[in-house]
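J.: take a look and give me a structure for this.
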Amino acid sequence: MASEAHTEEAAGLVFHPMDQFKITPLFGGDTVNWYTPTNATLWMGIAVVVIFLLMVVGSRGRAMIPSRIQSIGELAYGFIHKMVEDVAGKDAAPFFPYIMTLFMFIVFSNFLGLLPMSFTTTSHFAVTLVLALLVFFTVTIVGFVKNGTKFLSLFWVSSAPLALRPILAVIELISYFVRPVSHFIRLAGNLMAGHAVIKVFAGFAQVAVISPLAILAITAMYGLEILVAFVQAYVFTILTCVYLKDALHPSH
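T.: Numbers count the residues shown, from 1 in each chain. Got it, this is the predicted structure:
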């Protein structure tokens, strides 16, 4: 078995698609503590810097005829603002800065992860779990602060027959607490799967016989991942708006 593995490795067929998701310290060593600068923190920092350059530096002139950078910033602003109003309602406007920040961080983290030699921070459950929990606790706190105990009407299906309401209440309660789980797994799982598939095809590209097909598959998958990078950020954000709507209008 060892000789076979060595032969395959020599032939260039052995590759590890999950190695690209490994968190490593920036300044050497093998130990990663909570305060250790890693490749994940580096690329999250880069995402924040890019967003700052786009939304603050690139739009500081506020010209009547916007530059290309200002146009991109205004397009993103208008896109998310309309989403918040259409999905969560006009009274959700105070939460627009938070939702806008959430979308921009996710979408830029996704796109930066497509660069060669980069690191996809949103492919890690630790990152997406924190984002999902922030949404969950924000929505829950807002629901109770704004509506008090009336927020619990979200779990009581008054239109159902009385005998079924307790059962439906349990189901609704379980589904409510499952929200953050599906919220963070969907984002990280889709990005991880796509990047892993690209890495697998890249391994096959080393074999001369199937190299053209592998390169074609990589190109197709890369194009798909560009679409997935935006769609997953959009899905995460619009679900946040849906959950916020439930908190602001639990009886709807």
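
J.: am I right that residue 98 falls within a strand?
T.: No. Using DSSP: H, G, I helix; E, B strand; the rest coil, the assignment for residue 98 is helix, not a strand.

J.: that one contacts residue 138, doesn't it?
T.: Yes. Counting by CB atoms under 8 Å, a contact exists between residue 98 and residue 138, whose distance comes to 7.3 Å. Where you see a C-beta, it was placed from the backbone N, CA and C, and this is true even at glycine.

J.: which residues do these two both contact?
T.: Common contacts of residue 98 and residue 138 (CB atoms under 8 Å, 6 or more residues apart in numbering): none found.

J.: output stretch 40-47 as PDB - backbone C-alpha positions only.
T.: Extracted C-alpha coordinates of stretch 40-47, given in PDB (Å, rounded to 0.1, in the frame of the first residue of the first chain):
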ATOM      1  CA  ALA A  40      -8.000  33.800   7.900                       C
ATOM      2  CA  THR A  41      -7.500  37.000   9.800                       C
ATOM      3  CA  LEU A  42      -5.300  38.400   7.100                       C
ATOM      4  CA  TRP A  43      -8.000  37.900   4.400                       C
ATOM      5  CA  MET A  44     -10.800  39.100   6.600                       C
ATOM      6  CA  GLY A  45      -8.700  42.200   7.100                       C
ATOM      7  CA  ILE A  46      -8.100  42.600   3.400                       C
ATOM      8  CA  ALA A  47     -11.900  42.300   2.800                       C
END
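
J.: ok, residues contacting it?
T.: Contacts of stretch 40-47 from elsewhere in the structure, counted by CB under 8 Å, 6+ apart, are 23, 26, 105, 108-109, 112-113, 118-121, 124, 127.

J.: please flag which of those residues sit within helices.
T.: The subset of the contacts of stretch 40-47 located in helices under the criterion DSSP state H comprises 105, 108, 109, 112, 127.

J.: you'd agree residue 179 is up against residue 140?
T.: No. The pair residue 179 / residue 140 is not scored as a contact, 9.9 Å apart, by CB under 8 Å.

J.: sorry, back to before: what's the ChimeraX line that selects buried ones from the contacts of stretch 40-47?
T.: Here is the ChimeraX command that selects the buried residues among those (16 or more other CB atoms under 10 Å):
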select :105,108,109,112,113,118,119,120,121,124,127
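
J.: can you tell me the SS state at residue 32?
T.: Judged by three-state DSSP, the three-state class of residue 32 is coil.

J.: gap between it and residue 26?
T.: 10 Å (CB to CB, to the nearest Å).

J.: common neighbours of those two, please.
T.: Counting by CB under 8 Å, 6+ apart, the common neighbours of residue 32 and residue 26 are residue 38.

J.: enumerate every residue touching residue 205.
T.: Listed by CB under 8 Å, 6+ apart, the contact partners of residue 205 are 211, 214, 215, 218.

J.: before we move on, what about residue 245?
T.: Under the contact definition (CB under 8 Å, 6+ apart), the residues listed for residue 245 are 87, 88, 89, 92, 252.

J.: ok, those residues vs residue 187, which is closest?
T.: Of all the contacts of residue 245, the one with the least separation from residue 187 (CB to CB) is residue 87, at 18.0 Å.

J.: the closest one reaches residue 238, doesn't it?
T.: Yes. With contact taken as CB under 8 Å, residue 87 and residue 238 are classed as touching, separated by 6.1 Å.
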